[in-house]
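Undergrad: The following block contains a protein sequence and its predicted model.
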Amino acid sequence: MRPAAFPPRSVEATVPQTRLRTVLPAPRRVEPAEGVEFFLTPGTTIRTTPVPEAVAVGRYLAELLRRPTGYPLPVVPVGRSDAPGGISLLLTDDGARPASGPGTAGEGYLLEATATGVVIRARTAAGLFYGVQTLRQLLPAKIESNRRQTGPWTVPGGRIEDAPRFAYRGAMLDVARHFFAVPHVLRFIDHLARYKLNHLHLHLTDDQGWRIAVDSWPRLATVGGATEVGGGPGGYYTKEQYAEIVAYAAARHITVVPEIDLPGHTNAALTAYGELAPGGTPPPEYTGTDVGFSAVDVTSEQTYRFVDDVLGEVAALTPGPYLHIGGDEAFTLAAPDYAAFMNRIQPIVTRHGKTVLGWHQLAVAEHSPGRVLQYWGTATEDPVVADAVARGAKLLLSPGNRTYLDMKYAETTPLGKDWAGLIEVRDAYDWDPGAYLAGVPAEAVLGVEAPLWTETVVSVSDVEFMTFPRLPAIAELGWSPAEAHDWADFRHRLAQQGDRWSAAGITFHRSPEVPWSGTPTVPGPRSAAPTRVARPADATAAGTETEAPTRVVRPADVAAAAGAEAGAPIRVVRPAGDAGADGAETPPTGGTPTPIV
């Protein structure tokens, strides 16, 4: 018998569960009101505290609900409409109890549903936003459709009190091995938002491609960005496009964490600027999937000017606190040279006002104030990492055999790799981040992140198939209290999400460990490549373009966390071919998702 990581609090449910008890991630406390329902109607009004951040959450909720219901759902300040039957989003110190973990203050919420209305109270807009994600799951699954559906639209009565366990709850999207256009990244952000994740780690650079424009080193994008795994055209984000991603994420209370991988995984950069390579000779482009063969010249002062310029420009574009500097698989460097390089670049990060975040190999370097190590190993002991934590580092957990979304589910999975093992849903769920690594206390754990590497992932359908249903498992580990972790209960709650994904046109893996209902979408033909952004049309080795880069027309402007008009609406990216009334649809195969404006 397979041991459970947490003692079950119940046997597997054999009776129907109300939607109030199927929320994912599991809330801290749920109190159903039996026999009570709130009905969403054409006259329902969304009332908010009259401040821009609360109004923005109200407009986000209205956008989610208008298309499937057909209801107008006006967003008005509290006090202007006192008619019953409304949804209220209130910023208040009353009702929302303190957060459950360090660094999570303000992310909690209190939701109360009665026959006359729904009230969500929170101390911050982030708390209101997470309460809205819970309300979304309390409505019927077809609320996720982009087409008009028939009601009734009911919310079960009761009370939910909730707050997260960990401050950092995230996922990583590797856009370096295969490039993904802005609308595809926005769609991924919406997937994170569904499950109260609050960080998006973008792996922007690697041997196969450089994905962000840097004014002081322009060939990084125009030459380094012109390749990808398999020899495709690659692409990169202009600064304006990166800012769009950051703003879209911020409007969903998600912090973007950019990664510039150093000193290894740098072949694309060295192809663009050979003077950064040992010996000063640019290597050929690389479109394979091997790792560990490249590194910048750590003895050259020009390398450190390059690092300072690049990290400075990326830091200026990124409002979040973290700058990820990679640090893994630099196999060509001797250990002293690696440590000396990392010791020099960590202060560069802090000089640009950011906190160092790096893969756990960074542990051998000197401590940098507040730094975070991202553990991706498969063992539960690492004395070097434990020592770095004892010196003051925080730990972000991404164990490869638990959280890596690019690992195959089973030997027959058509996508993914298996170097860390096969990861089915229970493997992703059955562990405790607070007690995972020996010698690391729970208070030193900043949170969890699920990385999706894209060596074998080329389309939106591929991304979703590898992400779902494992991402919600990681999300629950990051949000819910440890005592709520119960595989028997989780698998039934997860099964309820399948109908929602089908209604939304989200591709997902039909895990045999989960009692699904309905028919999920599966990956479609992979003949269509993802739409590209900012592709150099004909870049030479020297970086001279013979014609202007090709651009994808970006969706309409999004509400930004800073600088946007107060209360501006938040767009919701929906799939290109949304579900019909039965919730089934052919998934997208690399096309551009359609935004709701």
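TA: Received, thanks.

Undergrad: where do the strands sit along the stretch 151-300 of the chain?
TA: Using DSSP state E, counting those that start in this stretch, the strands of the stretch 151-300 of the chain run over 153-162, 168-174, 199-203, 205-206, 209-210, 255-262.

Undergrad: now do the stretch 301-450 of the chain
TA: Going by DSSP E, counting those that start in this stretch, the stretch 301-450 of the chain shows strands at 322-326, 355-359, 372-375, 394-397, 445-452.

Undergrad: on that earlier part again, in JSON lines: the strands of the stretch 151-300 of the chain, plus distance to residue 437, mean neighbour count and mean pLDDT.
TA: Any C-beta I mention is one placed from the backbone N, CA and C, and that applies to glycine too. Below are the strands of the stretch 151-300 of the chain laid out as JSON lines (distance: least, C-beta to C-beta, whole Å; neighbours: other C-beta atoms under 10 Å; pLDDT from 0 to 100):
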{"stretch": "strand 153-162", "distance to residue 437": "27", "mean neighbour count": "20", "mean pLDDT": "96"}
{"stretch": "strand 168-174", "distance to residue 437": "15", "mean neighbour count": "26", "mean pLDDT": "98"}
{"stretch": "strand 199-203", "distance to residue 437": "19", "mean neighbour count": "25", "mean pLDDT": "99"}
{"stretch": "strand 205-206", "distance to residue 437": "26", "mean neighbour count": "30", "mean pLDDT": "98"}
{"stretch": "strand 209-210", "distance to residue 437": "32", "mean neighbour count": "32", "mean pLDDT": "98"}
{"stretch": "strand 255-262", "distance to residue 437": "21", "mean neighbour count": "25", "mean pLDDT": "98"}
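
Undergrad: I'd like to know which of those is closest to residue 454.
TA: Nearest to residue 454, of all the strands of the stretch 151-300 of the chain, is strand 168-174, at 4.4 Å by C-beta to C-beta.

Undergrad: Give me the contacts around that closest one.
TA: Residues from elsewhere that reach strand 168-174 (C-beta atoms under 8 Å, 6 or more residues apart in numbering): 103, 180, 185, 188, 192, 196-203, 206, 257, 259, 372, 396, 398, 405-406, 446-454, 457, 463, 467, 471, 474-475, 478-479.

Undergrad: by how many degrees do that strand and strand 355-359 diverge?
TA: Between the axis of strand 168-174 and that of strand 355-359 there is an angle of 60 degrees, by axes from the mean of the first three to the mean of the last three C-alpha atoms, to 10 degrees.

Undergrad: Direction included, what does strand 168-174 pair against?
TA: Paired neighbours of strand 168-174 in the sheet (DSSP bridges): strand 199-203 (parallel), strand 445-452 (parallel).

Undergrad: List the contacts of the first one.
TA: By C-beta under 8 Å, 6+ apart, the residues outside strand 199-203 that reach it are 168-176, 185, 188-189, 192, 211, 245, 249, 254-259, 261, 320, 324, 447, 449, 451, 453.

Undergrad: Check the gap between the closest residue to residue 93 other than its chain neighbours and residue 132 for me.
TA: Excluding the flanking residues, the one nearest residue 93 by C-beta to C-beta, 6 or more residues apart in numbering is residue 123, at 6.1 Å. Remark: distance between residue 123 and residue 132 (C-beta to C-beta, to the nearest Å) = 15 Å.

Undergrad: now residue 415
TA: In terms of C-beta to C-beta, residue 415 sits 32 Å off from residue 132.

Undergrad: what about the helices in the protein?
TA: Ranges of helices within the chain are 52-69, 125-138, 182-194, 219-222, 239-250, 267-272, 301-317, 335-351, 383-390, 400-403, 425-429, 460-467, 470-479, 487-504, based on DSSP state H.

Undergrad: Relative to residue 329, which of those is closest?
TA: It is, among these and with distance given as C-beta to C-beta, helix 335-351, at 10.6 Å.

Undergrad: who does the longest strand seen in the chain pair up with?
TA: When the chain is parsed with DSSP state E, its longest strand is strand 29-40. With DSSP bridges as the test, strand 29-40 is paired with strand 153-162 (antiparallel).

Undergrad: who's in contact with the strand it pairs with?
TA: So strand 153-162 is contacted by 18-20, 23, 27-41, 69, 96-97, 108-115, 118, 130-131, 134-135, 138-140, 143 (C-beta under 8 Å, 6+ apart).

Undergrad: List buried members of the residues you listed by neighbour count.
TA: 19-20, 23, 27-28, 30, 32, 38, 40, 69, 96, 108-114, 118, 130-131, 134-135, 138-140, 143 (16 or more other C-beta atoms under 10 Å).

Undergrad: if we can go back for a sec, could I get the strands of the stretch 301-450 of the chain as a markdown table with distance to residue 411 and mean neighbour count?
TA: Formatted as a markdown table, the strands of the stretch 301-450 of the chain follow (distance: least, C-beta to C-beta, whole Å; neighbours: other C-beta atoms under 10 Å):
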| stretch | distance to residue 411 | mean neighbour count |
| --- | --- | --- |
| strand 322-326 | 31 | 25 |
| strand 355-359 | 28 | 24 |
| strand 372-375 | 26 | 26 |
| strand 394-397 | 26 | 26 |
| strand 445-452 | 20 | 25 |
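
Undergrad: Dump these into CSV; add mean pLDDT and distance to residue 338 as well.
TA: Formatted as CSV, the strands of the stretch 301-450 of the chain follow (pLDDT from 0 to 100; distance: least, C-beta to C-beta, whole Å):
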stretch, mean pLDDT, distance to residue 338
strand 322-326, 98, 12
strand 355-359, 98, 12
strand 372-375, 98, 15
strand 394-397, 98, 20
strand 445-452, 98, 22
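
Undergrad: TSV please, covering those strands and showing distance to residue 79.
TA: TSV is the format used below for the strands of the stretch 301-450 of the chain (distance: least, C-beta to C-beta, whole Å):
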stretch	distance to residue 79
strand 322-326	40
strand 355-359	41
strand 372-375	43
strand 394-397	43
strand 445-452	38
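
Undergrad: returning to what we had before: closest one to residue 272 among the strands paired with strand 168-174?
TA: strand 199-203 (17.9 Å).

Undergrad: Just the CA trace of the closest one, in CSV.
TA: Extracted C-alpha coordinates of strand 199-203, given in CSV (Å, rounded to 0.1, in the frame of the first residue of the first chain):
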residue,chain,number,x,y,z
HIS,A,199,4.0,34.4,-8.9
LEU,A,200,4.9,33.8,-12.5
HIS,A,201,8.5,32.9,-13.1
LEU,A,202,9.5,33.5,-16.8
HIS,A,203,12.6,31.6,-17.9
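
Undergrad: Work out the gap between that strand and the centre of the chain.
TA: 6 Å (C-alpha atoms, centre = their mean, to the nearest Å).

Undergrad: that older thread, ok, and what's touching the longest strand of the chain?
TA: 18, 20-21, 23, 65, 69, 71, 85, 113-118, 139, 151-162.

Undergrad: about what we covered before: surely the residue nearest to residue 93 is in contact with residue 92?
TA: Yes. Under the criterion of C-beta atoms under 8 Å, residue 123 makes contact with residue 92 at 7.3 Å.

Undergrad: more neighbours, those two?
TA: residue 123 (22 against 12; other C-beta atoms under 10 Å).

Undergrad: Can you report how many residues neighbour residue 293?
TA: Neighbour count for residue 293, taken as other C-beta under 10 Å: 15.

Undergrad: Spatially, which residue comes closest to it, not counting chain neighbours?
TA: Using C-beta to C-beta, 6+ apart, the closest residue to residue 293 is residue 332 (6.6 Å).

Undergrad: wait, doesn't that neighbour sit right on residue 265?
TA: No. Using C-beta under 8 Å, residue 332 is not in contact with residue 265; the gap is 11.2 Å.

Undergrad: Residues that sit against both of those two, list them.
TA: Residues touching both residue 332 and residue 265 (C-beta under 8 Å, 6+ apart): residue 294.
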